[in-house]
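Chemist: Need coordinates for the below:
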Amino acid sequence: MSKKKLIIAVLVIAVVIAGISIYYLQGHKNYYAQIDNTKVSEIDSQNGFNHRYELETYDENGNKKTISFDTSRELTNGAFICLDYAPIRGVISWSEVSYDELPVSVQNQYAAP
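Modeler: Now for the predicted structure:
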């Protein structure tokens, strides 16, 4: 193999490794929301997910962001959730949390149950 081809191959491998690293190691951030089932729509099933939510969410500092994510079912109306969000990938996972588990800045956005 010529020197030029070897250099190109090494550069391609480096770019692929960098891309994979950025994709998987990017910073995750938690956002919090209260489920509002008026904000859900049915979608064509994609890997078993057939409901799409578009909710106003808040980070730990109380900054607002509208986030969309898909689920396999309608979630419990009024429940609070924590979304694990990555900038490129979007919502990676979510879990239901109690009002007391919300950061104080997020609690201030909602009425106490």
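
Chemist: Any buried residues in the helix or strand hosting Glu56, and which?
Modeler: Glu56 belongs to strand 49-58 when assigned by DSSP states H and E. Residues of strand 49-58 classed as buried: 50-51, 53, 55, 57-58 (neighbour count, 16 or more other Cβ atoms under 10 Å). No exception for glycine: its C-beta is placed from N, CA and C like everyone else's.

Chemist: how far is stretch 90-104 from where the chain is centred?
Modeler: Taking Cα atoms, centre = their mean, to the nearest Å, one finds stretch 90-104 lying 11 Å from the centre of the chain it belongs to.

Chemist: what about Glu91, how many neighbours?
Modeler: For residue 91 the amino acid is Val, not Glu. Applying other Cβ atoms under 10 Å, we find 18 residues neighbouring Val91.

Chemist: For it, which non-adjacent residue is closest in space?
Modeler: Among residues not flanking Val91 along the chain, Phe69 sits closest, at 3.8 Å (Cβ to Cβ, 6 or more residues apart in numbering).

Chemist: thought that neighbour was touching Leu83?
Modeler: Yes - judged on Cβ atoms under 8 Å, Phe69 makes contact with Leu83 at a distance of 6.6 Å.

Chemist: Understood, closing this out.
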